[in-house]
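1. Turn this into a model:
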Amino acid sequence: MIEVKGLTKRFNGGQYVLNHLDLLIKDGEILVILGESGTGKSVLLRHLIGLIRPDQGKVIINDVDITKLSEKELLKLRSNIGYLFQEGALYDSMTVFENLAFPLQEHSQLTEPEIEKKIKAVLDMVDLVAVENQYPSQLSGGMKKRVGLARSIILDSKILFCDEPTSGLDPIRSHDISDLIASISRKMKCTTVITSHDVRNSFRIADRVAILKDGKLKALGTPAELKKSEDPFVQEFLS
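-> From the prediction side, this is the model:
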């Protein structure tokens, strides 16, 4: 279970990006966080993995307040969390195989043959074949997203964070990557948190949807519940 309590963040003493935000994320659910640009979606996700320290508040993962952890303790925590960055964040100088092998070499005791087997299995999961020796520059945008997703799940993490996974993709690729994330999440029984601006795909795959406004939680519920909301902002946003 992931619990956010009173999370507050301002940059350079300016406007609130997160304003005493409370949020409970259930084990095994797919939660999509929606909101207008600049409303704090990605900032919230970076707090959940400890990449940003809050001004106030707590982020509790498995009964541990990660805002109190040292950098060494955070590194250990992150090895158990998959994170799909918006642009994939692949190492340009490494092949696909090397990008996927790196976390296994750093955080597992697998032998080289076991690493090769694991990489093949994960690439199969994201529907990619014969790309192991290619470099990121040789891949399409959709393929980079899939390799990034493969890397985020290669350590069999039970928590998966995805930052705007459909950003920069056409409608067909957006549909495909959304379905793939949902399928993998359910297969691996992950707790999955996705930030997105893509209302249609979010409502197709989410167990629950959170809508942020001005750094606060404006609405939270199942897609069906939010469609019935009488809140003017929610209705305008969804339309």
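2. Now do the contacts for Glu225.
-> Under the criterion of Cβ atoms under 8 Å, 6 or more residues apart in numbering, Glu225 has no contact partners. Yep, even glycine has a C-beta here, placed from its N, CA and C like the rest.
3. Show me the domain layout of this structure.
-> According to automatic domain parsing, the chain comprises the domains 1-80+161-239, 86-156.
4. Need those domains in CSV (columns: mean pLDDT).
-> As requested, those are exported to CSV (pLDDT from 0 to 100):
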stretch, mean pLDDT
domain 1-80+161-239, 94
domain 86-156, 93
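5. and Thr166, how many neighbours?
-> One way to gauge burial is a neighbour count; for Thr166, by other Cβ atoms under 10 Å, it gives 25.
6. That one and Gln235, how far apart?
-> With the distance defined as Cβ to Cβ, to the nearest Å, Thr166 ends up 23 Å from Gln235.
7. try Leu160
-> 30 Å.
8. now do Leu21
-> Between Leu21 and Gln235 the computed distance is 22 Å (Cβ to Cβ).
9. ditto for Ile2
-> If you go by Cβ to Cβ, the gap between Ile2 and Gln235 works out to 28 Å.
10. quick one: which of those two has more around it?
-> Looking at Ile2 and Gln235 with other Cβ under 10 Å, you find the greater number of neighbours at Ile2, namely 20 against 13.
11. for the more buried one, which residues make a bridge with it?
-> Following DSSP bridges, Ile2 is listed with bridge partners Ile25, Ile61.
12. Run a quick check on it versus Ile25, I expect a contact.
-> Yes - A contact is recorded between Ile2 and Ile25 when judged using Cβ atoms under 8 Å, the distance being 4.0 Å.
13. For the longest helix seen in the chain, list every residue counted as buried.
-> Counting residues, the longest helix found in the chain (DSSP state H) is helix 171-188. Neighbour-count burial for helix 171-188, with 16 or more other Cβ atoms under 10 Å as criterion, is recorded at Arg173, Ser174, His175, Asp176, Ile177, Ser178, Leu180, Ile181, Ala182, Ile184, Ser185, Met188.
14. Report all helices and strands that that helix contacts.
-> Counting by 3 or more Cβ pairs under 8 Å, 6 or more residues apart in numbering; DSSP states H and E, the packing neighbours recorded for helix 171-188 are strand 30-35, helix 141-153, strand 159-163, strand 191-196, helix 199-205.
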